[in-house]
Each structure stands twice: as structure tokens, then as C-alpha cells.
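S.K.: Pasted the sequence and its predicted model underneath.
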Amino acid sequence: MSWTDERVETLKRMWSEGQSASQIAKELGGVTRNAVIGKVHRLGLSNRVGGKDDEDDSPVAAAPAPTAAPRPEPVQARPEPAPGPRAEPLRPAPASNVTPLPVRKAIIPAGQPLPPQPSQNEISPEALASVREVEKRARKLTLMELTERTCKWPIGDPATDDFWFCGLPSLPGKPYCEAHVGVAFQPMSARRDRRR
């Protein structure tokens with residue numbers, strides 16, 4: 001159904017007479033009440049005085065004049081804290097003191113040997129010896145064979161066939177066996193002492 005000039009004139013006439021959108025839709029035929037309401041709004045006819053409401057066919061009260069939206073009440077400022085030592089206001093650092101972003105490490109393609117890791121130099125010789133002994137008797141599990149009770153310490157290069165996980169019983173609440181926990185979770189004081 002298209003809105004012909006004749007149908008639009010009928011809609012305007014019936015709307016100005018106070019007919020409801022449902023009544024206009026019945027008279028025009030082939031349109032719904034919502035289509036009539038949409039056309040009324042597009043034509044700018046929506047503010048009429050008198051007429052019938054579409055829901056219960058009772059007379060419609062005059063449309064109130066549009067009013068400005070109520071302004072929200074201003075937000076009350078938080079009370080000032082009790083007087084005490086005042087801190088200096090924050091000021092932006094001069095441009096010369098801006099810390100540069102860290103440089104990303106290069107991504108090493110699979111199958112390439114890994115460069116020496118700095119953490120290996122920080123591990124105590126006793127812990128390394130313990131780890132080497134443990135790795136000699138490790139179960140050499142694949143990823144699919146790991147459970148919550150097995151050590152998940154990776155050994156070897158993941159890009160090669162000679163890669164496996166320790167697999168010895170893990171400590172309660174930890175992902176690794178006792179030897180690998182000693183390497184992975186070092187106390188802060190021990191790490192601090194080695195850096196000096």
C-alpha cells in the first residue's frame with residue numbers, strides 16, 4: 001500500500017476531526033493503526049486537540065505544550081577533609097623525564113634455539129644440580145598425559161620432538177615437583193642478594 005495524495009488528504013481530514021488512528025486505518029483499508037500513527041508523525045500532525053484515544057475510544061485531552069526536560073540537580077561537592085598536612089598538587093612531569101616504553105623482545109621462530117635466559121644465571125648452583133638429577137629420573141610426560149598431581153615443568157624445546165614435561169609428583173598446591181618448585185619459586189631475599 002502506498003500513501004497516495006488522496007489517502008493522505010483523507011488521513012489529514014479524519015485526524016483533524018478527532019478520529020482515532022484505528023478508525024482511520026479501518027476507513028483507509030490496507031493499513032495498520034501503527035502505519036497511520038507513523039504517517040501522522042511524519043506529516044507533523046501529532047499535536048491535535050480533542051479527538052479519541054486509540055486504546056479505549058475516550059476523548060483525548062489537549063496535548064500539553066512541550067516543556068524543557070527537568071535539569072538534574074547539581075551534584076554536591078564532597079566535603080573537604082579535615083585540615084592536616086597538605087600534599088603538593090600533582091603536576092605533569094617535564095617532557096625530558098618521560099620514561100620510554102619498554103622495547104619488545106624479538107619473537108624467535110619455532111625450531112630456533114632460545115637465547116640464554118637471564119633467570120638461568122640467577123639460579124643457585126645447588127638448585128641447578130638438584131634439577132639436573134631430577135630430570136634424569138623424570139617420567140617424560142606429554143602434554144596430554146599431565147594431571148593435577150604431576151609436575152608440569154617443561155623440558156627441552158617445544159618445537160622439537162625431544163620436548164616433554166617432568167611428570168614427577170607435584171607438591172600440594174603447586175604445579176611442580178620439589179626440585180622445580182625450588183627453581184621456580186625463590187624467596188625475594190635470595191633473588192635480591194644475587195643481584196648485588
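M.R.: Noted; the coordinates are in hand. Residues are numbered from 1 along each chain as shown.
S.K.: Toward the C-terminus, what is the element adjacent to the helix or strand bottoming out on mean pLDDT in the chain?
M.R.: Counting by mean pLDDT, DSSP states H and E, the weakest-scoring helix or strand in the chain turns out to be helix 118-122, with a mean of 51. Once the chain leaves helix 118-122, the next helix or strand it forms, by DSSP states H and E, is helix 125-136.
S.K.: Now that next one: buried residues?
M.R.: Buried residues in helix 125-136, counted by 16 or more other Cβ atoms under 10 Å: 127, 130, 131, 134, 135. Using the backbone N, CA and C atoms, a C-beta is placed for each residue, glycine as well.
S.K.: Can you tell me how far residue 6 is from residue 28?
M.R.: Applying Cβ to Cβ, to the nearest Å, the value for residue 6 to residue 28 is 10 Å.
S.K.: so what pLDDT did residue 168 get?
M.R.: pLDDT recorded at residue 168 is 92.
S.K.: Would you agree it is in contact with residue 141?
M.R.: No. Using Cβ atoms under 8 Å, residue 168 makes no contact with residue 141, being 9.4 Å away.
S.K.: can you list residues touching both of those two?
M.R.: Taking Cβ atoms under 8 Å, 6 or more residues apart in numbering as the criterion, residue 168 and residue 141 both touch residue 150.
S.K.: ok, back up a step: out of residue 6 and residue 28, which sits in the busier spot?
M.R.: Per other Cβ atoms under 10 Å, whichever of residue 6 and residue 28 has more neighbours is residue 28, with 19 against 9.
S.K.: How about the contacts made by that one?
M.R.: Contacts for residue 28 (Cβ under 8 Å, 6+ apart) come out as 7, 10, 11, 36.
S.K.: what's the distance between it and residue 10?
M.R.: Taken as Cβ to Cβ, the span from residue 28 to residue 10 is 6 Å.
S.K.: Show me the shaky parts of the chain.
M.R.: Low-confidence segments of the chain, defined by pLDDT under 70, span residues 1, 46-123, 186-196.
S.K.: Show me where it has its helices.
M.R.: When secondary structure is read from DSSP state H, the chain shows helices at 5-16, 21-28, 33-43, 118-122, 125-136, 178-184, 188-195.
S.K.: Give the buried residues for the first one.
M.R.: Using 16+ other Cβ under 10 Å as the test for burial, helix 5-16 gives 7, 11, 14, 15.
S.K.: Next, the angle from it to helix 21-28.
M.R.: If you take axes from the mean of the first three to the mean of the last three Cα atoms, to 10 degrees, helix 5-16 sits at 150 degrees to helix 21-28.
S.K.: ok, and what's touching helix 5-16?
M.R.: 23, 24, 27, 28, 36, 39, 40, 43, 45, 48, 51.
S.K.: Domain parsing of the protein, as residue ranges.
M.R.: 1-62, 119-195 (automatic domain parsing).
S.K.: rewinding a little: can I get the contacts of residue 28 in CSV including distance to residue 177?
M.R.: Listed next are those as CSV, based on distance: Cβ to Cβ, whole Å:
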residue, distance to residue 177
7, 85
10, 88
11, 84
36, 78
